[in-house]
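S.K.: with the sequence up front, the predicted model follows.
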Amino acid sequence: MKKHQRRIKSRFLNVNVDLEEYKEQVRSVKLAIAIKNVLELRKISVEEFAVIMGKDKSTINKWLSGTYCFSLSTLYEITEGLGII
């Protein structure tokens, strides 16, 4: 059985984008926004979050950029660091 791929046309860029790639990009942005919201609510700076996570500030900025493709392992690590789980 072949995997069906749909393509969508971006209204803004006038390019064809694979639907699954688009969905992944949207999920990445939503995750970045959710993490930023938690940090803001808890008044945690990027620098403080980097220390909590044991990561460089540049890594945290990549996570918060909305372009980072989170692995399940990274998401678990973030939720642990934030005390969500």
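M.R.: Structure received. Owing to the predicted nature of the structure, the values given are computational and were not obtained by experimental measurement.

S.K.: are we agreed that Val17 is in a strand?
M.R.: Yes. With DSSP: H, G, I helix; E, B strand; the rest coil as the criterion, Val17 is located in a strand.

S.K.: any idea how far it lies from Glu24?
M.R.: Distance of Val17 to Glu24, computed by C-beta to C-beta, to the nearest Å: 11 Å. Glycine gets a C-beta too; all of them are placed from N, C-alpha and C.

S.K.: with Ile52 instead?
M.R.: With C-beta to C-beta as the criterion, Ile52 and Glu24 are 27 Å apart.

S.K.: those two: who's more crowded?
M.R.: Using other C-beta atoms under 10 Å as the criterion, Ile52 and Glu24 rank with Ile52 on top: 16 against 13.

S.K.: look up the closest residue to Gln25, ignoring the ones flanking it.
M.R.: Thr67 (7.7 Å; C-beta to C-beta, 6 or more residues apart in numbering).

S.K.: doesn't Val26 make contact with the one you found?
M.R.: No. At 11.7 Å, Thr67 does not count as touching Val26 under the criterion of C-beta atoms under 8 Å.

S.K.: one step back: give me the neighbour count for the residue nearest to Gln25.
M.R.: Thr67: 11 surrounding residues under other C-beta under 10 Å.

S.K.: begin at 57, not 1, for the rest of this chat.
M.R.: Shifting the count to begin at 57 puts that one at Thr123.

S.K.: next, it: secondary structure please.
M.R.: Three-state assignment for Thr123 (three-state DSSP): coil.

S.K.: try Thr115
M.R.: helix.

S.K.: let me see the contact set for it.
M.R.: Ala106, Met109 (C-beta atoms under 8 Å, 6 or more residues apart in numbering).

S.K.: could you list the low-confidence segments of the protein?
M.R.: Across the chain, the ranges flagged by pLDDT under 70 are 57-72.

S.K.: and the helix or strand hosting Glu80, what does it pack onto?
M.R.: Assignment of secondary structure by DSSP states H and E places Glu80 within helix 75-97. Applying 3 or more C-beta pairs under 8 Å, 6 or more residues apart in numbering; DSSP states H and E, we find helix 75-97 packed against strand 63-65, helix 113-120.
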